[in-house]
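Chemist: any chance you can model this:
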Amino acid sequence: MLSRLNPGALGYWKLEWNDQFETKATFRYQNYTIVQFEDYKSIQNPNGSRLSTELLGTYHFHNSFSLELGFGTEEELFNRSLNTSLIKIDTIALPYAKLGVNYRWLSYRGITLDQDVYGKYFFSGTTADYSIASGTEYGSSVTLSHRFDTLERKRIFLNLYYQSYSQNTSITNNQFTAIGMMLGLEFKLNDDN
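Modeler: Residues are numbered from 1 along each chain as shown. Model (predicted):
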């Protein structure tokens, strides 16, 4: 089942050290709705927002493969309506480590087809109100994109993704699986790839 329309924005700063190695800092904000929340059957249309930051190092090798290692944090705010009342839970996801692999299946006249596979490990810790256990997330996505200006500063893309997430706390069991689709437009401020 595809997810609902979840608007968001992604910004990043990238530095290419050479043909094989690059570093990138990303900042992402997204609104979203969880269509099925396994632990709370009576909750209707849980929704929230997510703000994440990430620092990645990427090594390109063997034709179209690349390997990325990174660290980041995510902050989430859920708004869950239970019957007629509104429950607001502020969940802070602790820092995580990320390992990902990217493969480019197609590159032809501004059209590219990429596949990503990744895994994340969330570290454990405590907040003012509850404790958070260590958790994991893994997933895969396929992105079809097209650069449509002469300077290749703009592209439109379609992303299909699968995601499985598990990170329990002392008050909730946060486990879900999602299949979704994103349609986006990207603008670049310089001519670097």
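Chemist: quick one: pLDDT of residue 188?
Modeler: With respect to pLDDT, residue 188 scores 76.
Chemist: the nearest residue to residue 16 once chain neighbours are set aside in helix, strand or coil?
Modeler: Spatial nearest neighbour of residue 16, excluding adjacent residues (C-beta to C-beta, 6 or more residues apart in numbering): residue 22 at 4.6 Å. In short, each C-beta sits where N, CA and C put it, glycine included. Using DSSP: H, G, I helix; E, B strand; the rest coil, the structure places residue 22 in strand.
Chemist: tell me who's in contact with the closest residue to residue 163 other than its chain neighbours.
Modeler: Of all residues not flanking residue 163 in the chain, residue 139 sits nearest, at 3.9 Å (C-beta to C-beta, 6+ apart). Counting by C-beta atoms under 8 Å, 6 or more residues apart in numbering, residue 139 makes contact with 117, 118, 161, 162, 163, 164.
Chemist: the host helix or strand of residue 139: which residues count as buried?
Modeler: Taking DSSP states H and E as the definition, one finds residue 139 inside strand 135-147. Applying a neighbour-count criterion of 16 or more other C-beta atoms under 10 Å, the buried positions in strand 135-147 are 135, 137, 138, 139, 141, 143, 145, 147.
Chemist: so how far is residue 148 from the third one?
Modeler: In this case it means residue 138. 33 Å (C-beta to C-beta, to the nearest Å).
Chemist: ranges for the strands of this structure?
Modeler: Shown for the chain, the strands assigned by DSSP state E span residues 8-16, 21-33, 43-61, 65-82, 85-108, 111-122, 125-126, 131-132, 135-147, 154-168, 173-187.
Chemist: pLDDT (mean, whole number) over the longest one?
Modeler: It stands for strand 85-108. For strand 85-108, mean pLDDT rounds to 77.
Chemist: if you count neighbours, what's buried in stretch 60-73?
Modeler: Across stretch 60-73, burial judged by 16+ other C-beta under 10 Å covers 60, 66, 68, 70, 72.
Chemist: what about that stretch, distance to the chain center?
Modeler: Here the centre of stretch 60-73 is set off from its chain's centre by 15 Å, with C-alpha atoms, centre = their mean, to the nearest Å.
Chemist: kindly format the C-alpha coordinates of that stretch as CSV.
Modeler: Output of stretch 60-73 as CSV, limited to C-alpha atoms (Å, rounded to 0.1, in the frame of the first residue of the first chain):
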residue,chain,number,x,y,z
HIS,A,60,32.9,5.3,-5.4
PHE,A,61,34.3,2.1,-6.8
HIS,A,62,33.9,-0.6,-9.4
ASN,A,63,32.1,1.2,-12.1
SER,A,64,28.7,2.3,-10.8
PHE,A,65,28.9,1.1,-7.1
SER,A,66,29.3,3.4,-4.1
LEU,A,67,29.6,2.7,-0.4
GLU,A,68,28.5,5.3,2.2
LEU,A,69,29.2,5.5,5.9
GLY,A,70,27.7,8.1,8.1
PHE,A,71,26.3,9.3,11.4
GLY,A,72,23.2,11.4,12.1
THR,A,73,20.3,12.2,14.4
